[in-house]
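Chemist: Need a 3D model of the following:
(chains A and B)
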2 protein chains.
Amino acid sequence: MCQLLGLNANTPTDVVFSFTGFSTRAEEHKDGFGIAFFEGRGARVFVDAASARHSPVAEMVRRYPIKSRVVIAHIRKATQGRVALENTHPFQRELWGRHWVFAHNGDLKGYAPRLHASFRPVGDTDSERAFCWLMQELAKAHASLPSVEELSATLRELAPGIAAHGSFNFMLGNGEALWTHCATQLHWLVREHPFRSARLADEDVSVDFASVTTPSDRVAVIVTEPLTTDERWTPLTSGELAVFRDGARIL
Amino acid sequence: MCQLLGLNANTPTDVVFSFTGFSTRAEEHKDGFGIAFFEGRGARVFVDAASARHSPVAEMVRRYPIKSRVVIAHIRKATQGRVALENTHPFQRELWGRHWVFAHNGDLKGYAPRLHASFRPVGDTDSERAFCWLMQELAKAHASLPSVEELSATLRELAPGIAAHGSFNFMLGNGEALWTHCATQLHWLVREHPFRSARLADEDVSVDFASVTTPSDRVAVIVTEPLTTDERWTPLTSGELAVFRDGARIL
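Modeler: Got it, this is the predicted structure:
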């Protein structure tokens, strides 16, 4: 199984602290990692088929405070699909003139959806097939970019059809919002004023968020297993689709 | 104007030497850079809206010898579209279950092609509009992934329609081949056995390729302005579409 990390903020925020703790877990999840940053409409996806503990790309991400309002990261322990760049999450496609990024944790057994439109998998993971099917069905449901509310309603209709095939924890993002679907395990919290300090569960690292934020900042963090030991994380329940915008859970 | 660098090799090859010289030119071309590496079917695109001279992403690329058979790099001096991540080349799309990467040097005046299919620009450059139109027309011309020869024939039909709008030097790649179209300026060479040493034009750096290659290696390098002072570069002529596969020019 893999692990997922998502961030959504109301102001461009760097993910160095969270990614540092998250990538420590790559000792076990060693079959590649990836992280996508949205900056306005632009997106960039850094992937490596090497472990996030040792990859020079991951090291650059830990040192370079890229500021973003939507981030999706994934560390991979291969279940389906060999260890190769084309099988490394997050996956990316364009729809309605926006970039879409998707990462999945879980295992979909015998999942072979009918892909008849313009989204085709490049690699051979169940995850990329699921992403292509979601994009295809979203494109059929909406002629142009819908509101976050409309998109969330469509995703709530589509997700159970995939989740019936196995375990389907996923994160989907565009530059505006972050959608997270829980099958087995996802936790979230919102950091906002008054900010406190927090200590990573996986590394001997603390940060005092009060010293690096302004009172109006707000950041939601969603992750497979809680990243810190001294904050209160809320688990999502199986089948729950949580939507984050401007650093808050909505809908 | 921008500058382009492409590499195509018959064995996975790193681009550290060429990119080191190329990124030196970012002093003038400071409005972002990008580099795409194909590794098998997989692709990764590193982009930054900062100059390739100072970007931590570019520094990582210069230090991390990613081995690839098709590489496309671009340093940007903005003509159309503001300095932003979504306007930074190379651009990427998926078609027929393959990744496609595109970078453009030039300026297309008043270019507004009819985009009626599933490829839409995310940013606001003439370059991304040209790429979306090429992808749309390739998708109409071929129901599934055609041979390199067939694709080249289609591109030879399509390129003049865009080139009529201005200056259209471009590079297009998938995991198999590299297509380069010259409007005003592109130079190429092939390095093969017996390998010699070469000295960068822009930096005081030499490399003895004989010490880092095997006799069967072959690498084509295509670039706006010759990268080295002691090798023989061949200019492409205006309107010429050159195709590279396995480190050689074909067709």
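Chemist: how about the residues of chain A near chain B?
Modeler: Within chain A, the residues that sit near chain B (Cβ under 8 Å from any Cβ of the partner chain) are A:39-49, A:56-57, A:59-60, A:63-64, A:84-88, A:92-99, A:117-123, A:139. All C-beta spots, glycine's among them, are computed from the backbone N, C-alpha and C.
Chemist: Looking at the stretch 51-200 of chain A, what residue ends up closest to chain B?
Modeler: Proximity to chain B, evaluated over the stretch 51-200 of chain A using Cβ to the nearest Cβ, is greatest for A:Leu85 at 2.7 Å.
Chemist: I'd say that residue and B:Glu39 touch.
Modeler: Yes. Here A:Leu85 reaches B:Glu39: they are 4.6 Å apart, a contact under Cβ atoms under 8 Å.
Chemist: need the contact list for the residue most central in space within chain A.
Modeler: Nearest to the geometric centre of chain A sits A:Ile72, at 3.2 Å (Cα atoms, centre = their mean). When contacts are counted by Cβ atoms under 8 Å, 6 or more residues apart in numbering or on different chains, A:Ile72 is found next to A:Leu4, A:Leu5, A:Gly6, A:Ile35, A:Ala36, A:Pro90, A:Val101, A:Phe102, A:Ala103, A:Met171, A:Gly173, A:Leu178.
Chemist: and the third one, what are its bridge partners?
Modeler: The residues paired with A:Gly6 through beta bridges, assigned by DSSP bridges, are A:Ile72, A:Ile222.
Chemist: And the fifth one, by the same measure?
Modeler: Taking DSSP bridges, one finds A:Val45, A:Ile72 as the beta-bridge partners of A:Ala36.
Chemist: Could you check how many residues crowd around it?
Modeler: A:Ala36: 27 surrounding residues under other Cβ atoms under 10 Å in any protein chain shown.
Chemist: Tell me the spacing between it and A:Ile66.
Modeler: 11 Å (Cβ to Cβ, to the nearest Å).
Chemist: can you check the first one too?
Modeler: Counting by Cβ to Cβ, the gap between A:Leu4 and A:Ile66 amounts to 18 Å.
Chemist: One more: the last one?
Modeler: Taking Cβ to Cβ as the measure, A:Leu178 falls 16 Å from A:Ile66.
Chemist: higher neighbour count, these two?
Modeler: Neighbour comparison, A:Leu178 and A:Ile66: the larger count goes to A:Leu178, with 27 against 22 (by other Cβ under 10 Å).
Chemist: Can you verify my assumption that that one contacts A:Val243?
Modeler: Yes. A:Leu178 is within contact range of A:Val243, at 7.5 Å (criterion: Cβ under 8 Å).
Chemist: Tell me, how many residues neighbour the residue lying closest to A:Ile35 once chain neighbours are set aside?
Modeler: Nearest non-adjacent residue to A:Ile35, counting by Cβ to Cβ, 6 or more residues apart in numbering or on different chains: A:Ala73, 4.0 Å away. A:Ala73 is flanked by 28 other residues according to other Cβ under 10 Å.
Chemist: And for A:Ala210?
Modeler: Neighbours of A:Ala210 (other Cβ under 10 Å): 12.
Chemist: same check, this time on A:Ser206
Modeler: 12.
Chemist: With adjacent residues omitted, what lies nearest to it?
Modeler: In space, not counting the residues next to it along the chain, A:Ser206 is nearest to A:Arg199; the distance is 4.5 Å by Cβ to Cβ, 6+ apart.
Chemist: Just give the strands next to the helix or strand encompassing that neighbour in its sheet, each with its orientation.
Modeler: Assigned by DSSP states H and E, A:Arg199 falls within strand A:197-199. Strand A:197-199 sits in its sheet next to strand A:206-208 (antiparallel), going by DSSP bridges.
Chemist: residues in contact with the strand it pairs with?
Modeler: Applying Cβ under 8 Å, 6+ apart, the external contacts of strand A:206-208 come out as A:Phe17, A:Phe195, A:Arg196, A:Ser197, A:Ala198, A:Arg199, A:Leu200.
Chemist: tell me the two of those residues that are most distant?
Modeler: Farthest pair in the contacts of strand A:206-208 (Cβ to Cβ) is A:Phe195 and A:Leu200. Separation: 16.1 Å.
Chemist: Show me how far the host helix or strand of A:Gly161 is from its chain's centre.
Modeler: Element membership for A:Gly161 (DSSP H and E) is helix A:148-163. When distances are taken as Cα atoms, centre = their mean, to the nearest Å, helix A:148-163 is centred 16 Å away from the chain's centroid.
Chemist: Would you mind getting the angle between the next helix or strand after that helix and helix A:148-163?
Modeler: Later in the chain than helix A:148-163, the nearest helix or strand by DSSP H and E is strand A:169-173. On the basis of axes from the mean of the first three to the mean of the last three Cα atoms, to 10 degrees, strand A:169-173 is oriented at 150 degrees to helix A:148-163.
Chemist: Who does the helix or strand just after strand A:169-173 pair with, and is each partner parallel or antiparallel?
Modeler: The helix or strand immediately downstream of strand A:169-173 is strand A:178-181, counting by DSSP H and E. Pairing partners of strand A:178-181, with direction, according to DSSP bridges: strand A:169-173 (antiparallel), strand A:241-245 (antiparallel).
Chemist: pull the CA atoms of strand A:178-181 into CSV?
Modeler: Below are the C-alpha coordinates for strand A:178-181, written out as CSV (Å, rounded to 0.1, in the frame of the first residue of the first chain):
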residue,chain,number,x,y,z
LEU,A,178,-8.7,19.4,-3.3
TRP,A,179,-11.0,16.4,-3.3
THR,A,180,-10.1,13.5,-1.0
HIS,A,181,-12.0,10.2,-0.9
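Chemist: Tell me what angle whatever helix or strand comes next after it forms with strand A:241-245.
Modeler: Counting by DSSP H and E, the element after strand A:178-181 in chain order, helix or strand, is strand A:187-192. When the same axes, to 10 degrees is applied, the directions of strand A:187-192 and strand A:241-245 differ by 20 degrees.
Chemist: could you give the mean pLDDT of strand A:187-192?
Modeler: For strand A:187-192, mean pLDDT is 97.
Chemist: Okay, buried residues for it please.
Modeler: Residues of strand A:187-192 classed as buried: A:His187, A:Trp188, A:Leu189, A:Val190, A:Arg191, A:Glu192 (neighbour count, 16 or more other Cβ atoms under 10 Å in any protein chain shown).
Chemist: Return the member of the residues you listed nearest to A:Glu150.
Modeler: Of all the buried residues of strand A:187-192, A:Trp188 has the smallest distance to A:Glu150: 22.6 Å, by Cβ to Cβ.
Chemist: Can you list the neighbours in contact with the strand holding A:Arg199?
Modeler: With Cβ under 8 Å, 6+ apart as the test, strand A:197-199 has contacts from A:Phe17, A:Arg191, A:Val205, A:Ser206, A:Val207, A:Asp208, A:Phe209, A:Ala210, A:Thr228, A:Thr229, A:Asp230, A:Glu231.
Chemist: Which parts of that strand count as buried, going by neighbours?
Modeler: For strand A:197-199, burial by neighbour count (16+ other Cβ under 10 Å) applies to A:Ala198.
Chemist: and it, how far from the chain's centre?
Modeler: 22 Å.
Chemist: ditto for stretch A:107-119
Modeler: Relative to the chain's own centre, stretch A:107-119 is displaced by 20 Å; criterion: Cα atoms, centre = their mean.
Chemist: average pLDDT across it?
Modeler: For stretch A:107-119, the per-residue pLDDT averages 94.
Chemist: how long is that stretch from one end to the other?
Modeler: The straight-line separation of the ends of stretch A:107-119 (Cα to Cα, to the nearest Å) is 21 Å.
Chemist: how far away is the nearest residue to A:Val71 once chain neighbours are set aside from chain B?
Modeler: Of all residues not flanking A:Val71 in the chain, A:Leu7 sits nearest, at 4.1 Å (Cβ to Cβ, 6+ apart). Counting by Cβ to the nearest Cβ, to the nearest Å, the gap between A:Leu7 and chain B amounts to 17 Å.
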